[in-house]
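1. sequence and predicted structure below; questions after.
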Amino acid sequence: MAIKTLKLEISGMTCDHCAKTIEKKVSDVEGLVSKAVSYPEKNGEFQFDDEKTSSAEIVEAINSTKQYKVIKEISDSKEEHANYDLIIIGGGSAAFAAAIKASELEKKVLMINDGLPIGGTCVNVGCVPSKTLIRTAEQLHIANHPNFSGIKPGKTEINFKEVIRQKTELVEDLRQHKYVDVLKDDPNVTILKSYGKLIDKNRVEANGKSYSAEKILIATGSTTFVPDIPGLQETGYLTNDTLYELQELPQHLIVIGGRYIALENAQMFARLGSKVTILQRSNRILPDEMLDVTETLKEILEEPVPSGEGLEIKTGVKIKSIQNKNGKVLVNASVKDEDEIIEGTHLFVATGRKGNISNFGLEELGIENHKNNFIKTDEFMQTSVPNIYAAGDVTGEYLFVYSAAYEASLAVENMFNEEQKKKDYSVFPWVIFTDPQVAGVGMDENQAYENKIEYDVSTIQLKDVPRSLAARNTKGFIKLIRDKKTDKLIGARILASEGSELLMEISLAIKYGITVKELKQMFHPYLTLSEGIKIAAISFDKDVNKLSCCAV
């Protein structure tokens, strides 16, 4: 397959709706990969598989509308230049952040991307599709299982195909407006659809041509690590790349894994109507978190509907083999040393991530990797080859869209500025989008102990937060950790519906050394979830059961 780019000047457009009409018309052309029509610019850019269609067919599709007509093909003079200041391999969040930063510095950039469409994991198969589907499932769950006795539970049903269609529409819209449109008119940035391969430390080969640059950034992201289980490949399985493209709701989804991707999707599909079984190798879900977090969440997820989520969670699982028999998936496993056969209809593998580093020429250049095929970088985002940097998921440190953007921007600054800045993850908030959400920042108790900090902990249950009582949703807790010597917060863990919305207050308190005493003195509006932070701060020194509603 060879992907080609066609740019056309188009007459007859009078508004943005005309551009959308043309995009819809050419979407019927088999082999079309992407389209972007601009009414203000009076042009369109189309990428297509030249084994399935041709530029002539695209032109014919536009002209067939009668109202719009192709005037001429536009050549992109930017691609004629083979020498750049920066070549980026990859097209996701890290790549875009790097390109934007480099353009601000007036550097000429070539971005080379293939595989996932522009936008990478987050917008195409990660954050965006998963979070909109999680919200869909949440609304369905609340409609059928309201928290208030005065509301009669409904029998609301879903049109699963429509749910997936709406998800796809959002993905395509955000990909276009938050990625493609952001750089398409940037004179400093050229985007080339191709796989890129390093020839040497300054040259990259793509589409049979050689391109050179002073600096190179590897931002190729990550993909699902698939364990070597007998029968898995023959049986077939879903990953986050394919799960959100299903057109029918699975009857019984078996999830292999027990960390954030596994848990978010397991609960989501359970709420949409699937029976869900989680198989986790370790003895706990989220094994890197403290016991109070994991066990409380597990209880909530396992508790039968309507008070809980009705998931089946098996821990201490060793999978021996998998097979497909009579249209069913059969998992032969040892569960806490007891042999079991777990039967389902679909299999979702969420067993961690690995870096996308194969076939890019990295090994030939001696670029070091670590852990699970991730590129090793120093504190300035440099690889073992000084002019080659890496950022985002491919480094294997923090696999989040916002950390990818941070690393990429930092890498570009360090490439072209004399002053070198070190990466700083000392205050890093994160969220797992289950319900209740798991949200954290800073240290937990184990990390405080390992750092020889004399700490203490304040934990309040959500039943002690007026907002949660009023909402009839008291599942979870808020936990703050402080340095006893300085009275400053060093970490927090929150298990609460929308608990992520509390993170930034705590993050700012940690970063700027705001003491627990000062937090207590801050006004927190009554009947907000954030009031829970004040109550937890007061509870370092007072019994929460002896506080009035307006805690002071």
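-> Looks like it came in fine.
2. could you give the number of residues near the nearest residue to M443 once chain neighbours are set aside?
-> Using CB to CB, 6 or more residues apart in numbering and skipping residues adjacent in sequence, the residue nearest M443 is G491, 3.9 Å away. C-beta coordinates here come from the backbone N, C-alpha and C atoms, glycine included. Neighbour count for G491, taken as other CB atoms under 10 Å: 23.
3. what pLDDT is listed against G491?
-> Note for G491: predicted pLDDT of 98.
4. now for the helix or strand where it lies, which elements pack on it?
-> Per DSSP states H and E: G491 is located in strand 488-496. With contacts taken as 3 or more CB pairs under 8 Å, 6 or more residues apart in numbering; DSSP states H and E, strand 488-496 sits against helix 291-302, strand 437-442, helix 445-450, strand 477-483, helix 503-511, helix 516-521.
5. so how far is that strand from its chain's centroid?
-> In terms of CA atoms, centre = their mean, to the nearest Å, the centre of strand 488-496 is set 22 Å apart from its chain centre.
6. hey, C-alpha coordinates of it in PDB?
-> The C-alpha trace of strand 488-496 is given here as PDB (Å, rounded to 0.1, in the frame of the first residue of the first chain):
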ATOM      1  CA  LYS A 488       3.100  20.500  54.200                       C
ATOM      2  CA  LEU A 489       1.200  18.000  52.000                       C
ATOM      3  CA  ILE A 490       3.300  15.500  50.200                       C
ATOM      4  CA  GLY A 491       0.600  13.400  48.600                       C
ATOM      5  CA  ALA A 492      -3.000  12.400  48.300                       C
ATOM      6  CA  ARG A 493      -5.100   9.500  47.100                       C
ATOM      7  CA  ILE A 494      -8.800  10.000  46.300                       C
ATOM      8  CA  LEU A 495     -11.500   7.400  45.600                       C
ATOM      9  CA  ALA A 496     -14.600   9.300  44.700                       C
END
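7. coming back round to it: what's the closest of the helices and strands packed on strand 488-496 to S458?
-> With CB to CB as the criterion, S458 lies closest to strand 477-483 of those, at 4.9 Å.
8. quick one: contacts of that closest one?
-> 292, 296, 442-445, 448, 453-462, 465, 488-496, 499, 502, 506, 516, 532-533, 535-537, 540 (CB atoms under 8 Å, 6 or more residues apart in numbering).
9. one more time with 6 Å
-> Strand 477-483 has contacts (CB atoms under 6 Å, 6 or more residues apart in numbering) with 453, 455, 457-461, 489-495, 516, 532, 536.
10. what do you get for stretch 4-12?
-> 43-47, 50, 55, 67-74.
11. so what's the residue count around G476?
-> 25.
12. please report how far it lies from A448.
-> As judged by CB to CB, to the nearest Å, G476 and A448 stand 21 Å apart.
13. how far away is N473 from M268?
-> Counting by CB to CB, the gap from N473 to M268 is 18 Å.
14. more crowded one of those two?
-> M268 (25 against 17).
15. thinking again about what came up before, return the member of the contacts of stretch 4-12 nearest to F360.
-> Q47 (21.2 Å).
16. quickly find the element holding the closest one.
-> Using DSSP H and E, Q47 maps to strand 43-49.
17. grab the nearest non-local neighbour of H370.
-> K376 (4.4 Å).
18. which SS state does S358 fall under?
-> coil (DSSP: H, G, I helix; E, B strand; the rest coil).
19. residues touching it, list them.
-> Contacts of S358 by CB under 6 Å, 6+ apart: none found.
20. any idea how far T486 is from A405?
-> Distance from T486 to A405, by CB to CB: 32 Å.
21. actually, S64.
-> Taking CB to CB, one finds S64 at 41 Å from A405.
22. out of the two, which sits in the busier spot?
-> Neighbour totals were compared for S64 and A405, and A405 leads with 22 against 9 (other CB under 10 Å).
23. excluding chain neighbours, what is closest to the more buried one?
-> For A405, the spatially nearest residue (CB to CB, 6+ apart) is A97, at 3.9 Å.
24. for the stretch 301-450 of the chain, which segments count as strands?
-> 312-315, 317-325, 328-335, 338-344, 346-349, 353-355, 369-370, 374-375, 388-390, 430-432, 437-442 (DSSP state E, counting those that start in this stretch).
25. show me this structure divided up by domain.
-> According to automatic domain parsing, the chain is divided into the following domains: 3-75, 83-223+355-416, 232-351, 430-546.
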